[in-house]
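[1] below are the sequence and a predicted model for it; my questions follow.
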Amino acid sequence: MIESKKKEGESVNSLLFRFNKRVKHSGVMKEMKKRRFKSRTVNKNKRRSTALYKVSKKEELKQARKYGNSTVSRRKNS
């Protein structure tokens, strides 16, 4: 449990800021969201088909780059 006691002469806003900072650094919020939005497990056939699709798309992109096809868009790492 995370606790923050108000210091002498400290405003409520700065106390809240300190508390929120401690909560973020502790990883409580991340764990809470992970538990709240837990997704169901995908079955074996679905995993296999998505993996094969990714491999085929990667090959298509590789071929397009090889031949200098500029119509194929690449995702930017943002």
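    Arrived safely, thanks for sending.

[2] which residues sit against the lowest-mean-pLDDT helix or strand in the chain?
    Using mean pLDDT, DSSP states H and E, helix 28-36 stands out as the lowest-scoring helix or strand of the chain, at a mean of 86. With CB atoms under 8 Å, 6 or more residues apart in numbering as the contact definition, helix 28-36 has outside contacts at 2, 23. All C-beta spots, glycine's among them, are computed from the backbone N, C-alpha and C.

[3] quick one: average confidence on whichever helix or strand comes after it?
    Using DSSP states H and E, the helix or strand that follows helix 28-36 towards the C-terminus is helix 44-66. The pLDDT scores in helix 44-66 average 94.

[4] next one: helix 44-66 to chain centre, how far?
    Between the centre of helix 44-66 and the centre of its chain there are 22 Å (CA atoms, centre = their mean, to the nearest Å).
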